[in-house]
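Peer 1: This is a predicted model, with the sequence first.
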Amino acid sequence: MSDTLILPAETRERAGKGASRELRRTGRVPAVVYGGKSEPLAIHLEEKELARQLGTGHFFNSIIEIEIDGKKHRTQPKDVAFHPVSARPLHADFLRIAKGATVHVNVPVVFINEELSPGLKRGGVLNIVRHDLELVCDAEKIPHEIAIDVTGFDLGESIHFSHVALPKGVESAITDRDFTIATIATPSALRSEEGEAAEEAE
């Protein structure tokens, strides 16, 4: 399961572009906590701490507890805007989540048992179509990652969602098709060798 991350914050006295620019100059990032049955809450976060948590690689599929004056607000990060040149975080949006709530998350995939794939052993290339899966699950049970077993897959074969073993209580947000996650592609050098062999055999 993904970790619960704690992000200290302070409420914002003023809104608007000027106030936001002033906050950024002091190393803070303006943000909003919204949703639930409460009014949106304007806050600001320490830029270094937000950047550190973004760097964990699982920020967007974690529960973030925003801590303000000792009170914790359980949230799911929905969006972070970045500066187009420096890539510094400029603004963040967090959605409040109630205990037992169901959430929509994108969870990264990892591929296991590559040494047991005949296609990869013969020099094939794992061509990843989807690096993460859009899933629906309990907020308390967000998977850290989804492991996909490539045992037995040969050259030219595709790995579809139906091959994935999801943890209990986790479902795909896409239910209308069995989409492709990866393929075992034949490298061009191997294709040309096979082509030459076929010509010689004729």
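Peer 2: On my side now, so go ahead. Residues are numbered from 1 along each chain as shown.

Peer 1: Now residue 68: closest residue in space that isn't a chain neighbour?
Peer 2: Distances taken as CB to CB, 6 or more residues apart in numbering place residue 9 nearest to residue 68, at 5.2 Å, with adjacent residues excluded. Where you see a C-beta, it was placed from the backbone N, CA and C, and this is true even at glycine.

Peer 1: tell me the domain ranges of this structure?
Peer 2: The record's domain parsing of the chain by automatic domain parsing lists 4-97, 103-201.

Peer 1: Now these in a markdown table, please, with extra columns for mean neighbour count and mean pLDDT.
Peer 2: Listed next are those as a markdown table, based on neighbours: other CB atoms under 10 Å; pLDDT from 0 to 100:
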| stretch | mean neighbour count | mean pLDDT |
| --- | --- | --- |
| domain 4-97 | 16 | 89 |
| domain 103-201 | 15 | 88 |
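
Peer 1: Just list whatever residues bridge to the residue nearest to residue 68.
Peer 2: Following DSSP bridges, residue 9 is listed with bridge partners residue 45.

Peer 1: Now do the same contact list for it.
Peer 2: 31, 43, 44, 45, 66, 67, 68 (CB atoms under 8 Å, 6 or more residues apart in numbering).

Peer 1: Inside helices: which ones of these?
Peer 2: Counting by DSSP state H, no part of the contacts of residue 9 is found in helices.

Peer 1: from these, which is closest to residue 57?
Peer 2: The shortest approach to residue 57 among those belongs to residue 45, at 18.7 Å (CB to CB).

Peer 1: Which members of the contacts of residue 9 occur in strands, if any?
Peer 2: Judged by DSSP state E, strands contain the following of the contacts of residue 9: 31, 43, 44, 45, 66, 67, 68.

Peer 1: With distance to residue 81 added, can I get these in TSV?
Peer 2: Formatted as TSV, the ones in strands among the contacts of residue 9 follow (distance: CB to CB, whole Å):
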residue	distance to residue 81
31	10
43	15
44	14
45	13
66	17
67	22
68	21
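
Peer 1: Roughly how far does residue 113 sit from residue 149?
Peer 2: To residue 149, residue 113 is 5 Å away according to CB to CB, to the nearest Å.

Peer 1: For stretch 51-59, report the contacting residues that lie outside it.
Peer 2: With CB under 8 Å, 6+ apart, stretch 51-59 has contacts from 2-3, 5, 7, 62, 64, 77, 80, 88-89, 108, 144-145.
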